[in-house]
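1. predicted coordinates and the sequence they were generated for:
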Amino acid sequence: MSIKNISAIFLAGIFLSGSSAVALTPQMTNALILSTGLSSLKTNLNNANVSLSDSDTSDISFGSIESLVRKNNQSIKGFEKTLDSINSTNVKSQFEVQMLSYYQQNSMLYEQAAGYQQSADELYEAAESTQDTATKTALEAQANAMALLAEQARASIAMNDGIISGLEESQEDAENQLKDTYASTKHQLDNAADQIVVGAQTQYITLITLQNSIDTLNRSIAAIDRSIVVMQTQLEIGMASELDLKTLQNQRQTAQSSLESLISQQKNLQASLSLTLGNEVGTSVNAESLPYISKSEINKIDYKQDLEKAMDNSYAIWQKADAARKASNEYMDNLYTTADAYEAAKIDLEATKEQTENSFKTLYESVLEKQRLLEQAEENLTFAEVNFEIAEVKLNQGIISQLQYENEKDTLESAKDAIKTAETELFTAYNTYQWGIRGVI
């Protein structure tokens, strides 16, 4: 709950009581705040950290995420096995076995053809030397039969030679196809692995965001607790109503429920990230912090150069270019693709290039916008720090109450939270931009 909402409730309580001229003095408020504020904050912070105290939880840095995922993630290990399986496929040996069978058949056919031809020649020679017409006719018939068998054997040899030639061409095509299959599969699986890494990094960043939200809620609950104590005193002296107190208590209950929900989400996400990293079920990880992105790093960005790399590395562009290449090959070979289909593939490729360029530009503009928002948050923090210093002076002089002082302190802490949020958003935008350069857009 924001400080403005709490203040509004106090004012409402004063006006409803009809005693706008009566107010708690700073001394009265101080006694109430000091007795409960710090202990409430400490209790809630301890509650928030319950999920992080598990002995099976280990701290990890953002910089280690990618190497851990690529090394230990089970899905990526499966990808590697798939590529190894394709790469180890011996197409040549499979064709060699088939061709050897035909060579062996031809060897036997050569012997058969030679034997049949020899028999035919001998029968023709015998027919020539005989004077008996009937015998001569019979011998010539047998000789013709042997010659036919010899011709059939030679025809079978010629047919097998054609098959062998076809197998040799098919072997070359199959080897090229296998190389193509390996390259295509590798592109697909590399992209899938990149997406897993990006997902793990996103989980890590979300854990940082959740922890910041938990810290903010803890301070809000502590502020509500301080307000409840003050409201109870106002109720006793007629400056507030039961409804005012009940409203604060409901807000406290809602905030506590939200806190417990965030802690539950944090635990689940820690376990999920741990599994993505390849750890055993039941283990958990704790995100330490995010790298700081300085203004000088932003200024070093060379958009034009980065765009060229992004276009060269883009998986989406490669995918469409590969489809256009295959469509071209099929069209040239008069297979399945028509001229219209080939033209459609080329148009699709150009559209993807344009879309990728626009998407990358959006990533770049997001980095600049997040940098601007961080600078604005830093200005707001400077302003909050000045106001807090003034509040400290007023508190020491007895001009404001401890409650008012704590409210200014909460405002300062909120400004610090805004810095954390802006830094997280800038890092997220910068990291996404870097992935864009690598082709993941």
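-> Great, that's in hand.
2. so which bits of stretch 178-195 are buried?
-> Of the residues in stretch 178-195, Leu178, Thr185, Gln188, Leu189, Asn191, Ala193, Asp194 count as buried by neighbour count, 16 or more other CB atoms under 10 Å. In short, each C-beta sits where N, CA and C put it, glycine included.
3. just put the residues you listed in JSON lines and tack on pLDDT.
-> Conversion of the buried residues of stretch 178-195 to JSON lines gives the following (pLDDT from 0 to 100):
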{"residue": "Leu178", "pLDDT": "84"}
{"residue": "Thr185", "pLDDT": "90"}
{"residue": "Gln188", "pLDDT": "90"}
{"residue": "Leu189", "pLDDT": "92"}
{"residue": "Asn191", "pLDDT": "93"}
{"residue": "Ala193", "pLDDT": "95"}
{"residue": "Asp194", "pLDDT": "95"}
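4. number of nearby residues for Gly282?
-> Look at Gly282: counted by other CB atoms under 10 Å, it has 10 neighbours.
5. and Ser88, by the same measure?
-> By the measure other CB under 10 Å, the count of residues near Ser88 is 7.
6. may I have the phi/psi pair for it?
-> For Ser88, the backbone dihedrals (degrees, to the nearest 10) come out as phi -90, psi 0.
7. kindly report the same for Lys300.
-> Recorded main-chain torsions at Lys300 are phi -80, psi -10, according to degrees, to the nearest 10.
8. helices of this protein, start to end?
-> Assigned by DSSP state H, the helices in the chain fall at 3-17, 26-48, 65-72, 74-87, 91-129, 133-236, 242-276, 295-299, 303-313, 315-332, 339-396, 402-437.
9. in the last one, what's buried?
-> Going by neighbour count (16+ other CB under 10 Å), the buried part of helix 402-437 is 402-418, 420-433, 435-437.
10. kindly report the same for the fourth one.
-> Within helix 74-87, the residues that qualify as buried are Ile76, Phe79, Ile86, counting by 16+ other CB under 10 Å.
11. list of residues touching that helix?
-> Residues outside helix 74-87 that contact it (CB atoms under 8 Å, 6 or more residues apart in numbering) are Val69, Arg70, Leu178, Thr181, Tyr182, Thr185, Lys186, Leu189, Ala192, Ala193, Ile196, Gly278.
12. check the offset of that helix from the chain's centre.
-> Averaging C-alpha coordinates over helix 74-87 and over its chain gives two centres that are 18 Å apart (CA atoms, centre = their mean, to the nearest Å).
13. on that earlier part again, need the helices of the chain in CSV with distance to Val285, can you?
-> As requested, the helices of the chain are arranged in CSV below (distance: least, CB to CB, whole Å):
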stretch, distance to Val285
helix 3-17, 34
helix 26-48, 17
helix 65-72, 9
helix 74-87, 16
helix 91-129, 44
helix 133-236, 8
helix 242-276, 5
helix 295-299, 27
helix 303-313, 29
helix 315-332, 28
helix 339-396, 26
helix 402-437, 18
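14. any regions of the stretch 101-250 of the chain where pLDDT drops low?
-> Applying pLDDT under 70 to the stretch 101-250 of the chain picks out no residues at all.
15. tell me how far the closest residue to Arg70 other than its chain neighbours lies from Asp348.
-> Take Arg70 and drop its neighbours on the chain: the residue closest to it by CB to CB, 6 or more residues apart in numbering is Ile76, 6.0 Å away. Plainly put, Ile76 is 29 Å away from Asp348 if you go by CB to CB, to the nearest Å.
16. who touches stretch 385-395?
-> Residues from elsewhere that reach stretch 385-395, judged by CB under 8 Å, 6+ apart: Pro26, Ile400, Gln402, Gln404, Tyr405, Glu408, Lys409, Thr411, Leu412, Ala415.
17. coming back round to it: how close does the residue nearest to Arg70 sit to Ser284?
-> Summarising the geometry, the distance separating Ile76 from Ser284, computed by CB to CB, is 21 Å.
18. again, but for Thr352
-> 40 Å.
19. the two: who's more crowded?
-> In terms of neighbours (other CB under 10 Å), Ser284 is the more surrounded of Thr352 and Ser284; the figures are 22 against 18.
20. list the buried residues for stretch 231-238?
-> Met231, Gln234, Leu235.
21. okay but the last one is in contact with Leu245, surely?
-> By that I understand Leu235. Yes: applying CB atoms under 8 Å as the test, Leu235 and Leu245 come out as touching, 5.6 Å apart.
22. span of stretch 395-411 from start to end?
-> Using CA to CA, to the nearest Å, the span of stretch 395-411 from its first residue to its last is 16 Å.
23. quick one, what contacts the closest residue to Ala127 other than its chain neighbours?
-> Residue nearest to Ala127 in three dimensions, not counting chain neighbours: Leu139, with 3.7 Å by CB to CB, 6+ apart. The contact partners of Leu139, by CB under 8 Å, 6+ apart, come to Leu123, Tyr124, Ala126, Ala127, Thr130.
24. residue contacts, the second one?
-> Right, Tyr124. Leu139, Glu140, Ala143.
25. wait, which of those residues is closest to Ala324?
-> For Ala324, the closest of the contacts of Tyr124 turns out to be Ala143, at 63.4 Å, with distances computed as CB to CB.
26. ok, that closest one - contacts?
-> With contacts defined as CB under 8 Å, 6+ apart, the neighbours of Ala143 are Ser119, Ala120, Asp121, Leu123, Tyr124, Ala127.
27. just the buried ones among these, please.
-> Members of these that pass the buried threshold by neighbour count (16+ other CB under 10 Å) are listed as Ser119, Ala120, Leu123, Tyr124, Ala127.
28. now tabulate those in JSON lines and tack on distance to Gln105.
-> As requested, the buried ones among the contacts of Ala143 are arranged in JSON lines below (distance: CB to CB, whole Å):
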{"residue": "Ser119", "distance to Gln105": "21"}
{"residue": "Ala120", "distance to Gln105": "22"}
{"residue": "Leu123", "distance to Gln105": "26"}
{"residue": "Tyr124", "distance to Gln105": "28"}
{"residue": "Ala127", "distance to Gln105": "32"}
